[in-house]
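Enquirer: fold the following and give me the result.
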Amino acid sequence: MMAFKILLGKHLGSEFDITHYELLRRRKTKLLYQVTRAEFCKRPTAEKYLLGVLKTEKSPEMQADILQILGHIRSVSAVQIAKEYLTHDNNHHREVALFVLGWMGTQNDVALLQKHMCGETDPWLRITAASAHRQIAWHRPEIKKVVLKSLKVGFECEKSDEVLPWIIIMISTIAVKNLGLREDKEDPDKWHGDLQRAKKKTAEFLQSI
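Expert: Numbers count the residues shown, from 1 in each chain. I've put the predicted structure just below:
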């Protein structure tokens, strides 16, 4: 796999864009696919090619990959595409759109993240929207209070104990406040702590927001 990464890194010219892009369609081996996509994120010069191929690409998986790569290379077009994908019927499109907005969004996009945090029927998408709040707060620390107020709305509207822990963790890390829950250091899908106590502690903290 390391040799494959080195091989991809040797071919950074535009003439290799289509070859690298077509390699993304090979998804049977998960690690190979992930490495191929990750290496494409190191090709900012491929932005024009990706924007062009997106106009004709029919595969939903490839469309989502294009947006993810555009987000990683900080394409100025990524935010607008993400906003369009937020209305897509495909859950994966909306998932990618949410974290791209987290990477690149502004204060004006916090309301969109909040809308999906409270409105998505899929719990995973609500968690993704909450996580995007943390991303946007990290790269735009000046709007931390705005982000916390949005997460407060999410905390108050969320009824599922599957989603609430993650909203609490996002609030905790943004506010640098111990609210009783923490992420697992090795497994990003696990958390630790007493949820009921954390709910109470979070509610008390949010009264000051």
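Enquirer: can you give me how far the helix ranked longest in the chain is from the chain middle?
Expert: Ordering each helix of the chain by length in residues (DSSP state H) puts helix 123-139 first. Relative to its chain's centre, helix 123-139 lies at 7 Å (CA atoms, centre = their mean, to the nearest Å).
Enquirer: for it, buried residues please.
Expert: Using 16 or more other CB atoms under 10 Å as the test for burial, helix 123-139 gives 125-137. Every residue, glycine included, has its C-beta placed from N, CA and C.
Enquirer: please apply the same query to stretch 29-37.
Expert: Using 16+ other CB under 10 Å as the test for burial, stretch 29-37 gives 33, 35-37.
Enquirer: repeat for stretch 192-204
Expert: For stretch 192-204, by 16+ other CB under 10 Å, it's 193, 198-199, 201-202.
Enquirer: secondary structure element for the residue lying closest to H192 once chain neighbours are set aside?
Expert: Distance criterion CB to CB, 6 or more residues apart in numbering; nearest residue to H192, sequence neighbours excluded, is R182 at 5.4 Å. Secondary structure assigned from DSSP states H and E places R182 in strand 181-183.
Enquirer: and that strand, what's its mean pLDDT?
Expert: Averaged across strand 181-183, the pLDDT comes to 96.
Enquirer: for this protein, where's the lowest mean pLDDT among helices and strands?
Expert: helix 2-10 (a mean of 66; mean pLDDT, DSSP states H and E).
Enquirer: residues in contact with the following helix or strand past that one?
Expert: The C-terminal neighbour of helix 2-10 among helices and strands, as given by DSSP H and E, is helix 17-23. Residues outside helix 17-23 that contact it (CB atoms under 8 Å, 6 or more residues apart in numbering): 8, 11, 36, 39-40, 43, 46, 49-50, 53.
Enquirer: now do the helices in this protein.
Expert: According to DSSP H, the helices that the chain contains are 2-10, 17-23, 30-40, 47-54, 60-72, 78-85, 91-104, 110-119, 123-139, 144-157, 164-175, 195-206.
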